[in-house]
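Novice: Give me a 3D structure for the following:
(2 chains)
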Amino acid sequence: MEANTRSTGRLPAAFLTPGSSSFMDFLAEHQPELLPGNRQLPPTQGVVEAPHGTTIVAVSFPGGVVLAGDRRATMGNVIAQRDIEKVFPADEYSAVGIAGTAGLAVEMVKLFQLELEHFEKVEGTQLSLEGKANRLSTMIRSNLGMAMQGLAVVPLFAGYDLDREKGRIFSYDVTGGRSEEHGYAATGSGSIFARGAMKKLYREDLTEAEATTLVVQALYDAADDDSATGGPDVARRIYPIVTVITEDGFRRLTEDESSEIARSVLQRRLEQPDGPRAALL
Amino acid sequence: MSTPFYVSPQQAMADRAEYARKGIARGRSLVVLQYADGIVFVGENPSRALHKFSEIYDRIAFAAAGKYNEYENLRIGGVRYADLRGYTYDRGDVTARGLANVYAQTLGTIFSSAAEKPYEVELVVAEVGETPEGDQIYRLPHDGSIVDEHGSVAVGGNAEQISGYLDQRHRDGMSLAEALKLAVQALSRDTNGSEREIPAERLEVAVLDRTRPQKRKFKRIVGRQLQRLLQGDGAAMEAEGSEEEDSEGSEEK
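Specialist: The predicted structure follows:
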């Protein structure tokens, strides 16, 4: 009785097969070529030149977590982009910041956001924060082939855990290894300097305002010593992206708010170029 | 060797349609109404977990009457279709019209394929626009046809009577509270004309609210907010609406 038995325009079987709530699993079954990890790379000589995102920092405080990133993308010795955005909301209660090959990282974030949204719509409930962190781990691991050719993506994931009622930070390595960080974390080329700064400035009883200032200080120190990290650009009005995740959800500081923090940090640095000093003993 | 009886195609299709209609009629009806700020979905549903309405995409929602396992399958298929399309192109390229077409093809093929039993479901796919003129509501009966609806639509067992009632009373630009009350009145009328009470706990209500600051416009209305909307008068509603926006503002993405 069917008019057309081959292509009917109806949803293919993969769409109507019950089971997985994962968009990536669905892609793997229905259109595996769309999954970033399934691409076949031709063998290359040397390193592939592509824009690289740099420093991301995160700090937790009682009641939430702050995730921030500078705005520079570099390609070798060239500044590829001055105003790149490297911190994204993953869903209502989490955010992801990316360091590494910008093009691949942005694609990974887009798929990660969709993965969380898809689960939420199909299941009618959100993934746990651990579950989200594990999904991201899987995605980084699927990029291992690219990472071995120099196109690594290393994100930092931060979110508010509704069950434990606190902000949590997860850092990753290129192989997808995941570790929870307590207090503060950094990733990307300037991370060594940012981490050093945060180590000296971090306290457990930071307020939200202090935490946002702390991440801007850490990014300033990273930009001070790492050529691939961009400092606040007063002339072009380009300031770090600062995001806060609390019980109320994800919030990105407006340009006015982040410029105010960056300007006050800059003002103090004009007198004290190395920034605030920690006590010696 | 037995010879199969000859059944005329007309008779075969009529039997299948009868079968599907009976299945759909066993379920409770639900209504979808346009109001000033969007589209509201109202249905009687004793379950808190097994929803009749759900989000498909930013501006698109889905409502279904009939057999749960069949429409749940179609709902997940729709979410997959919309997410894949948005991922391949752009979020703006996912439309209710496209989704309704795919559903129509799916239902139509299943209905006319002798190898499969027809689905006992009736769907509504709705998309909220920037303005009330941009709202789209499509009703998809079991046989794969599409009906482009305006204002109000009812599906399920008692649909004809309910939509008759709604057609007479629904007008453009109703507030959410007005539309919700009208919907509940329509649903609580029995086939024999008598009215029965539907308590708020047995109602499932969701909206596609174009004034929501988030890009995802779908929202379930539950608990206290639903109680207030059902009881409160117009003025209380406006105050409630702004209060609700305040508490929601912080989750903006």
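
Novice: Neighbours of the closest residue to A:Asp161 other than its chain neighbours, how many?
Specialist: Nearest non-adjacent residue to A:Asp161, counting by C-beta to C-beta, 6 or more residues apart in numbering or on different chains: A:Leu129, 4.4 Å away. No exception for glycine: its C-beta is placed from N, CA and C like everyone else's. A count of neighbours around A:Leu129, defined by other C-beta atoms under 10 Å in any protein chain shown, yields 22.

Novice: repeat for B:Ile162
Specialist: B:Ile162: 24 neighbours (other C-beta under 10 Å).

Novice: Show me where chain B has its strands.
Specialist: Per DSSP state E, chain B carries strands over the ranges B:30-35, B:38-44, B:53-57, B:60-66, B:121-127, B:136-140, B:147-149, B:152-155, B:203-209, B:218-221.

Novice: er, chain A actually
Specialist: Under DSSP E, chain A gives strands at A:52-53, A:56-61, A:64-69, A:73-75, A:78-81, A:87-91, A:94-101, A:153-161, A:166-172, A:178-181, A:184-187, A:241-246, A:249-252.

Novice: So for stretch B:130-148, mean pLDDT?
Specialist: Averaged across stretch B:130-148, pLDDT comes to 94.

Novice: Can you give me the distance of the residue nearest in space to the middle of chain A to A:Met24?
Specialist: The residue lying closest to the centre of chain A (C-alpha atoms, centre = their mean) is A:Gly97, at 1.4 Å. A:Gly97 sits at a distance of 21 Å from A:Met24 (criterion: C-beta to C-beta, to the nearest Å).

Novice: can you check B:Gly38 too?
Specialist: If you go by C-beta to C-beta, the gap between B:Gly38 and A:Met24 works out to 32 Å.

Novice: quick one, which of those two is more surrounded?
Specialist: B:Gly38 (25 against 21).

Novice: now the more buried one: how far from chain A?
Specialist: Distance, B:Gly38 to chain A, by C-beta to the nearest C-beta, to the nearest Å: 18 Å.

Novice: what's the neighbour count on B:Pro9?
Specialist: 9.

Novice: ok, so what distance separates it from B:Lys22?
Specialist: Taking C-beta to C-beta, one finds B:Pro9 at 20 Å from B:Lys22.

Novice: before we move on, what about A:Thr243?
Specialist: Distance from A:Thr243 to B:Lys22, by C-beta to C-beta: 54 Å.

Novice: Kindly report the same for B:Gln227.
Specialist: In terms of C-beta to C-beta, B:Gln227 sits 36 Å off from B:Lys22.

Novice: Get me the contact residues on the stretch 151-281 of chain A for chain B.
Specialist: For the stretch 151-281 of chain A, the residues in contact with chain B (C-beta under 8 Å from any C-beta of the partner chain) are A:Asp248, A:Gly249, A:Phe250, A:Arg251.

Novice: same check, this time on the stretch 1-150 of chain A
Specialist: Going by C-beta under 8 Å from any C-beta, the residues of the stretch 1-150 of chain A near chain B are A:1-3, A:8-11, A:14-16, A:18, A:23, A:26-27, A:30-31, A:34, A:89, A:92, A:110-111, A:114, A:117-118, A:121-122, A:124.

Novice: Now, of those residues, which are buried?
Specialist: Among the residues of the stretch 1-150 of chain A next to chain B, those scoring as buried are A:8, A:10-11, A:15-16, A:23, A:26-27, A:89, A:92, A:111, A:114, A:117-118, A:121-122 (criterion: 16 or more other C-beta atoms under 10 Å in any protein chain shown).

Novice: what stretches of chain A score poorly on pLDDT?
Specialist: A:1-8 (pLDDT under 70).

Novice: Can you identify the helix in it that spans the most residues?
Specialist: If each helix of chain A is counted by residues according to DSSP state H, the longest one is helix A:102-123.

Novice: and it, what other elements does it pack with?
Specialist: Helices and strands in packing contact with helix A:102-123 are listed as helix A:23-30, strand A:52-53, strand A:87-91, strand A:94-101, helix A:129-141, strand A:153-161, strand B:53-57, helix B:68-88; criterion 3 or more C-beta pairs under 8 Å, 6 or more residues apart in numbering or on different chains; DSSP states H and E.

Novice: what angle separates the third one from helix A:102-123?
Specialist: Think strand A:87-91. 20 degrees (axes from the mean of the first three to the mean of the last three C-alpha atoms, to 10 degrees).

Novice: What lies in contact with strand A:87-91?
Specialist: Residues from elsewhere that reach strand A:87-91, judged by C-beta atoms under 8 Å, 6 or more residues apart in numbering or on different chains: A:56, A:67-69, A:95-98, A:109, A:112-113, A:116-117, A:120, A:126, A:132, A:157, A:159, A:241, A:243, A:250, A:252, B:253.

Novice: can you rerun that using 7 Å?
Specialist: Applying C-beta atoms under 7 Å, 6 or more residues apart in numbering or on different chains, the external contacts of strand A:87-91 come out as A:56, A:67-69, A:95-97, A:109, A:112-113, A:116-117, A:126, A:132, A:241, A:243, A:250, B:253.

Novice: Export only the CA atoms of it, formatted as PDB.
Specialist: Output of strand A:87-91 as PDB, limited to C-alpha atoms (Å, rounded to 0.1, in the frame of the first residue of the first chain):
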ATOM      1  CA  VAL A  87      34.200  31.300  27.900                       C
ATOM      2  CA  PHE A  88      30.700  29.900  27.100                       C
ATOM      3  CA  PRO A  89      27.700  28.900  29.100                       C
ATOM      4  CA  ALA A  90      27.400  25.100  28.900                       C
ATOM      5  CA  ASP A  91      23.900  25.200  30.300                       C
END
